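[1] Fold the following, please.
(2 chains)
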Amino acid sequence: RKEVEQDPGPFNVPEGATVAFNCTYSNSASQSFFWYRQDCRKEPKLLMSVYSSGNEDGRFTAQLNRASQYISLLIRDSKLSDSATYLCVVKNSSASKIIFGSGTRLSIRP
Amino acid sequence: DVKVTQSSRYLVKRTGEKVFLECVQDMDHENMFWYRQDPGLGLRLIYFSYDVKMKEKGDIPEGYSVSREKKERFSLILESASTNQTSMYLCASSLSTKDRGYEQYFGPGTRLTVT
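    Residues are numbered from 1 along each chain as shown, chains lettered A, B, ... in the order given. Below you'll find the model as predicted:
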């Protein structure tokens, strides 16, 4: 079993829709969680950190469920520019253990 | 704005050649990382460094070495390039403060082809 698992997608949704995807992690000692966004042929960029209490940044909401060991990303009122691959990142207490998921590809259609 | 630069965007090398990939960051970050990214496998950590002259192996260090002589520069070395090292190589840097977690900033990547 992979340490961090994501549905690879693609998720193909119409503009304006709400879309959500999850990421599961296997190490219960994981401490920090992030969502990164990667556009085609570009480097990953931090989208948002995921806090225990959940956090929102505009149309984006990230949540952490420690009991079930998953994090989620919700995008409301999706835009064409949201089309990208979303990478889940999990870090445990060891500096060497930063695990990237393989990513979920999202495609927004007009 | 954090800036992480990599020496080449595209590189073509022959099997057996020694390859140097350079990464420079301008934000005085303590931590620097080298990843490779392959379709279906995501990003995999090769090596990382948390201080000058310090290095630690990541998940796939075989066939690679690194050098960090200055805080801002982290080099990845392929001692004898092989075709299975054809990949996208991404460098990243980060602070390591509790408040900011472990946010990483990536360079634009080097697409290496070994023929």
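[2] The helix or strand bottoming out on mean pLDDT in chain A - which strands sit beside it in the sheet, and in what orientation?
    Least confident helix or strand of chain A, by mean pLDDT, DSSP states H and E, is strand A:98-100 with a mean of 86. Strand A:98-100 pairs in its sheet with strand A:84-91 (antiparallel), by DSSP bridges.
[3] Run the chain-centre distance for the partner strand.
    5 Å (Cα atoms, centre = their mean, to the nearest Å).
[4] which intervals of chain B have sub-threshold pLDDT?
    B:1-2, B:96-102 (pLDDT under 70).
[5] near chain B, which residues of chain A?
    Applying Cβ under 8 Å from any Cβ of the partner chain, we find that chain A lies next to chain B at A:8, A:32, A:34, A:42-46, A:49, A:87, A:89, A:91, A:95-96, A:98, A:100-103. Just so you know, the C-beta spots here come from the backbone N, C-alpha and C atoms, and that holds for glycine as well.
[6] So which residues make contact with the least confident helix or strand of chain A?
    Contact partners of strand A:98-100, identified using Cβ atoms under 8 Å, 6 or more residues apart in numbering or on different chains, comprise A:3-4, A:25, A:36, A:44, A:87-91, B:33, B:35, B:42-45, B:102, B:104.
[7] just the strands in chain A please.
    For chain A, the strands defined by DSSP state E occupy A:4-6, A:11-14, A:19-25, A:32-38, A:45-50, A:55-57, A:60-65, A:70-75, A:84-91, A:98-100, A:104-109.
[8] For B:Asp38, give the beta-bridge partners.
    Under the criterion used (DSSP bridges), B:Asp38 bridges to B:Gly42.
[9] who's in contact with it?
    Contact analysis of B:Asp38 by Cβ under 8 Å, 6+ apart lists B:44, B:87-88.
[10] The residue nearest to B:Lys57 when sequence neighbours are not counted is in what secondary structure piece?
    Distances taken as Cβ to Cβ, 6 or more residues apart in numbering or on different chains put B:Tyr47 closest to B:Lys57, at 6.1 Å, once the chain neighbours are dropped. Secondary structure assignment for B:Tyr47, by DSSP states H and E: strand B:42-49.
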